[in-house]
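**Student:** what shape does this take:
(2 chains)
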Amino acid sequence: MDAVKTELMKKSKASRQDQRGKLISLFCIFLIMLVVLSILYMITSKGLATFFENKMSFTDFFTKKVWNPSAKPQPLVGALPMIVGSFGVTVLSAILAAPFAIATAVFMTDISGKRGQAILQPVIELLVGIPSVVYGFIGLTVVVPFTRAVFGGTGFGILSGTFVLFVMVLPTVTSMYVDSLKAVPRFYREASLALGATRWQTIYKVIIRASIPGLLTAIIFGMARAFGEALAVQMVIGNASILPQDLVSPASTLTSVLTTGIGNTVLGTLPNNALWSLALVLLLMSLVFNLLTRFIGKKGAF
Amino acid sequence: MNAKKADKIATAIIYILVGIVVLILVALLGFILISGLPHVTWSFLTSPASAFSAGGGIGDQLFNSFYLLILTLIISFPISLGAGIYLAEYAKKNWLTDAIRITIEVLSSLPSVVVGLFGFLLFVVQFKLGFSIISGAIALTFFNLPLLTRNIENSLNGVSNLQREAGLSLGLSRWKTVTKVVVPAALPGILTGIILSAGRVFGEAAALIFTAGQSAPMLNYANWNPLSGDSPLNIFRPAETLAVHIWKINTEGIMPDASQVSAGASAVLVVAVLIFNLGARFAGNYIYRKITASK
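**Tutor:** Numbering: from 1, shown residues only, chains lettered A, B, ... in the order given. A predicted model of the protein is given here:
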């Protein structure tokens, strides 16, 4: 009797197994969350040290134009040149890439039919996967001499960075926008054509309008990629931490200063802490891009 | 009449834009392969790099890239599998699941240089591992986890509920159903995801500069003791990968044939990514045919 009772009161083998399995998978999830939280915590605490330990002014950091953290006696940490550089290449490349991405995506879904898509889709997937250093190398050997010959200057600068990033984000934006064009219901197209609209009227007045949230998400996603891109930009932008006067003189971005600087400064000193503040700006911007895509995505679901 | 003309003009403009895009893509791939492949010889792929003279190869860098890739996958696959299983099979619709999804999305949107810097701070400096393969592999794991997790979750969600019901109705626990029925059924998708993420990891450089380091010490390929300094298997040695090598010789290289070496190395990288992409497609189909009755 007792044996049966304890058997009934105890959890079955299957349910114990299930509990263990759930614990294992939950553990993996918490591992990932731990990683994210510690990244946020460590970069934030390191990045804020410039302002709290080294007592640099917060407003100077965002508004002053001179970046020389190792200057004596008064170190100068004005991050404006890098911030302008980062936003410059990001916005310009997004503006340049958007019409091409829209045209290519519309071509794939509404004009060429199955054939064009069968050719373009794999190529675009391949281009998404090409490593950024390869883009940087091509930028260095093709784009920089091209810019120098056509637009003058040294060739290194925001314009070259824009061209390289344009080619890098184009496949990303295109493939994301293709997905959202495919999500536009078929009867939208049918209804518009049945009303006598031409193909272009249908594309312009119905399909693109209906997929505006998807387009914005794709462009912001591309901008996030451009903003965080480090090596390809660093190789072509010239790496001069001065406020860019035009598009063809050497400039710098947050990522380019980080990649060249971290190895040459001593941990815990102001020049190093100032670099971590740049990393913090980078981190915060990627969070902002993330929030924007979430916000738009919620509004635009079919 | 006017609408028809506008239609014609707009279509022409779209064709022109698409033509430019195709031209750029073709020129890009053509340039990499045509300028790079002539330099790719067997000795280029196997001999070590030389810092000051012409004629160096990429042997050590190529080995380092593959070794880092394998280590990264060994670390990141079990974690992503567990996380993917939780999200696809156990997660309820509540605030906790939402929070989990947001964190994973945040991790996937972080710039790789930030992930690399975090790896530098935590593993290279704090844990005193130095510039080492293991630091690099863990940094790459952070970078790889969100994508692989999302991929595994999607593959698991693609498995029909009938399979789960069948498993549960046989009296299996949920966990057994997942591991013995659902995961094998989702295997083609999971495999495709792993191979695609391998392509990404293989070409990543920004996260590695400050974790796996930028130097390639001499390796003795006859030494298989993972604890000795010049053994290729030692996970505590610094290791410059192919992608980092390209970056390094272009920014601070002083070898006379830097552009030839980087052209060749770029071609190798692109061909590797191409193989990973095609491999993902074929492997998925192959496994699917193997484990199902379909021909």
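**Student:** what about the strands in chain B?
**Tutor:** In chain B, no strands are defined using DSSP state E.
**Student:** in it, what secondary structure element scores lowest on mean pLDDT?
**Tutor:** Within chain B, no helix or strand scores below helix B:42-46, which has a mean of 78 by mean pLDDT, DSSP states H and E.
**Student:** for that helix, name the packing helices and strands.
**Tutor:** helix B:59-85 (3 or more Cβ pairs under 8 Å, 6 or more residues apart in numbering or on different chains; DSSP states H and E). Every residue, glycine included, has its C-beta placed from N, CA and C.
**Student:** is the helix it packs on positioned near chain A?
**Tutor:** Yes - on the criterion Cβ under 8 Å from any Cβ of the partner chain, helix B:59-85 is in touch with chain A at B:78-83, B:85.
**Student:** of those, buried ones?
**Tutor:** Using 16 or more other Cβ atoms under 10 Å in any protein chain shown as the burial test, those include B:79-83, B:85 as buried.
**Student:** up against chain B, what does the stretch 151-300 of chain A have?
**Tutor:** So the stretch 151-300 of chain A meets chain B at A:167, A:170, A:174, A:197-201, A:203-204, A:224, A:227-231, A:234-235, A:255, A:258-259, A:262-263, A:267, A:276, A:279, A:282-283, A:286-287, A:289-290, A:294 (Cβ under 8 Å from any Cβ).
**Student:** so what pLDDT did residue A:24 get?
**Tutor:** Among the per-residue scores, residue A:24 holds a pLDDT of 91.
**Student:** between the helix or strand hosting it and helix B:59-85, how many degrees?
**Tutor:** Residue A:24 is part of helix A:13-52, with elements assigned from DSSP states H and E. Counting by axes from the mean of the first three to the mean of the last three Cα atoms, to 10 degrees, helix A:13-52 lies at 120 degrees to helix B:59-85.
**Student:** related to what we said a few turns ago, can you give me the buried ones in the least confident helix or strand of chain B?
**Tutor:** When burial is assessed from 16+ other Cβ under 10 Å, helix B:42-46 yields the following buried residues: residue B:44.
**Student:** also stretch A:286-302?
**Tutor:** By 16+ other Cβ under 10 Å, the buried positions in stretch A:286-302 come out as A:286, A:289-290, A:292-293, A:296, A:300.
**Student:** circling back: give me the buried subset of the residues of the stretch 151-300 of chain A next to chain B.
**Tutor:** Neighbour-count burial (16+ other Cβ under 10 Å) applied to those gives A:167, A:170, A:174, A:197-201, A:203-204, A:224, A:227-231, A:234-235, A:255, A:258-259, A:262, A:276, A:279, A:282-283, A:286, A:289-290.
**Student:** returning to what we had before: determine which two of the buried residues of stretch A:286-302 are furthest apart.
**Tutor:** Pairwise distances across the buried residues of stretch A:286-302 (Cβ to Cβ) peak at 21.0 Å, for the pair A:286 and A:300.
**Student:** tally of neighbours for residue 29?
**Tutor:** Let's take chain A. Neighbour count for residue A:29, taken as other Cβ atoms under 10 Å in any protein chain shown: 24.
**Student:** other chain: chain B
**Tutor:** 16.
**Student:** from residue B:270, how far out is it?
**Tutor:** To residue B:270, residue B:29 is 7 Å away according to Cβ to Cβ, to the nearest Å.
**Student:** tell me how far stretch B:173-189 lies from the chain's centre.
**Tutor:** 24 Å (Cα atoms, centre = their mean, to the nearest Å).
**Student:** which phi and psi does residue 235 have?
**Tutor:** Going with chain A. Residue A:235 has phi and psi values of phi -70, psi -30 when expressed as degrees, to the nearest 10.
**Student:** ah, I was thinking of chain B
**Tutor:** Dihedral angles (degrees, to the nearest 10) for residue B:235: phi -90, psi 0.
**Student:** pretty sure it contacts residue B:134?
**Tutor:** Yes - between residue B:235 and residue B:134 there is a contact at 4.5 Å, judged by Cβ atoms under 8 Å.
**Student:** residues shared between the contacts of those two?
**Tutor:** Common contacts of residue B:235 and residue B:134 (Cβ atoms under 8 Å, 6 or more residues apart in numbering or on different chains): residue B:71.
**Student:** how many other residues sit next to residue B:134?
**Tutor:** Per other Cβ under 10 Å, the neighbour tally for residue B:134 reads 21.
**Student:** same question for residue B:226.
**Tutor:** Per other Cβ under 10 Å, the neighbour tally for residue B:226 reads 11.
**Student:** now do the same contact list for it.
**Tutor:** By Cβ under 8 Å, 6+ apart, the residues touching residue B:226 are B:233-235.
**Student:** I'd like the residues you listed as JSON lines, with neighbour count, distance to residue A:81 and pLDDT appended.
**Tutor:** Listed next are the contacts of residue B:226 as JSON lines, based on neighbours: other Cβ atoms under 10 Å in any protein chain shown; distance: Cβ to Cβ, whole Å; pLDDT from 0 to 100:
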{"residue": "B:233", "neighbour count": "15", "distance to residue A:81": "45", "pLDDT": "77"}
{"residue": "B:234", "neighbour count": "20", "distance to residue A:81": "42", "pLDDT": "78"}
{"residue": "B:235", "neighbour count": "18", "distance to residue A:81": "40", "pLDDT": "78"}
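**Student:** near chain A, which of those residues show up?
**Tutor:** When Cβ under 8 Å from any Cβ is applied, no member of the contacts of residue B:226 is adjacent to chain A.
**Student:** out of the residues you listed, who's nearest residue A:25?
**Tutor:** Nearest to residue A:25 among the contacts of residue B:226: residue B:235, at 27.3 Å, using Cβ to Cβ.
**Student:** distance-wise, check that closest one relative to chain A.
**Tutor:** From residue B:235 over to chain A the distance is 20 Å, taken as Cβ to the nearest Cβ, to the nearest Å.
**Student:** same question, residue B:149
**Tutor:** 7 Å.
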